[in-house]
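# output the structure for:
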Amino acid sequence: MRRERLLALLALGVVFGLSVALLLSLRRSLERERALGRGQVFPATVVRVLGDRFEERRVPSGRKMLLVLFRPDCPQCERELARLEQACAQLPEEQLECMALSFDPEPHTYAWQQGRAFRRLKIAVSADPTFAERHGDWLLAVPLVFFITEQGVIHERYAGERSPEYTLARVREFVR
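Numbers count the residues shown, from 1 in each chain. The predicted model follows:
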C-alpha cells in the first residue's frame, strides 16, 4: 500500500511540475506576443523570397506591408493566405507590399509553394535562422497577420481566419 501511495504521489508531482512548466512557457509566449501589438515596432529581419529568383529583402521594408506568419502544414493558414491573396490582388503593388513568411524550413516551404498559385502574395522564409527560433511560438494561433507602416510600426494585428469581407475591409482601411 505504501509503495502504491508513493508512486501515486510521485505521478501527481510530475503532472503538477509539467503543468507549471507549460503555464510558464505559455505566459512567456503571450507576454512576447503582446509586445508585438498595435503601436509596437516589428522586429527587423532579412527574408528570402521564394520564386523564380530567390531574393533577399528586409522586413519591415520601409513601405506599407501586409505580413502574415504561417506554417505550410496549417489548413487555417492556407485558407487565410488565399483570402489575403485576393485582397492584395485588388491593390497596386506600390500601395501595399504583401508577404507571407513561413516558419518551416526553406525546402519544405518551397515544395509547398509549388502547388499553389500565389501571384501577389510573396512567399518567403527567414534568412535569419534565429528569427524562427525566437518567434516560432507566436504561431500558437496561426496564421498571424500584421499590417506594418512605412516606419515599421504595427498598425494592426490579428490571429486566425477571417471572412473575405473582413480581410478586404482591413486591407483597404490600412492603405488609405
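# for the one residue sitting closest to the centre of the chain, which non-adjacent residue is spatially closest?
Centroid-nearest residue in the chain, with C-alpha atoms, centre = their mean: L69, separated by 1.9 Å. Distances taken as C-beta to C-beta, 6 or more residues apart in numbering put L144 closest to L69, at 4.4 Å, once the chain neighbours are dropped. Where C-beta positions appear, they are placed from N, C-alpha and C, glycine not excepted.
# and for T149?
H155 (5.3 Å).
# ok, the one you found touching E173?
No: with contact defined as C-beta atoms under 8 Å, H155 does not count as touching E173 (9.3 Å).
# what about these two, which has more around it?
The residue with more neighbours, out of H155 and E173, is H155; 17 against 11, by other C-beta atoms under 10 Å.
# may I see the buried residues of stretch 122-141?
With burial defined by 16 or more other C-beta atoms under 10 Å, the residues of stretch 122-141 counted as buried are 122-127, 131-132, 135, 138-139.
# so which pair among the residues you listed is furthest apart in space?
Spatially, the most separated pair among the buried residues of stretch 122-141 is K122 and W138, at 19.8 Å (C-beta to C-beta).
# work out the gap between the strand or helix carrying A82 and the centre of the chain.
Per DSSP states H and E: A82 is located in helix 75-89. Centroid separation for helix 75-89 versus its chain: 13 Å, with C-alpha atoms, centre = their mean, to the nearest Å.
# and that helix, average pLDDT?
Regarding helix 75-89, the rounded mean pLDDT is 92.
# that helix: what's the following helix or strand?
Next element after helix 75-89 (DSSP H and E): strand 97-102.
# now do that next one: everything it contacts.
Strand 97-102 is contacted by residues 47, 49, 57, 59, 61, 63-72, 81, 84-85, 88, 109, 112, 118, 120-126 when judged by C-beta atoms under 8 Å, 6 or more residues apart in numbering.
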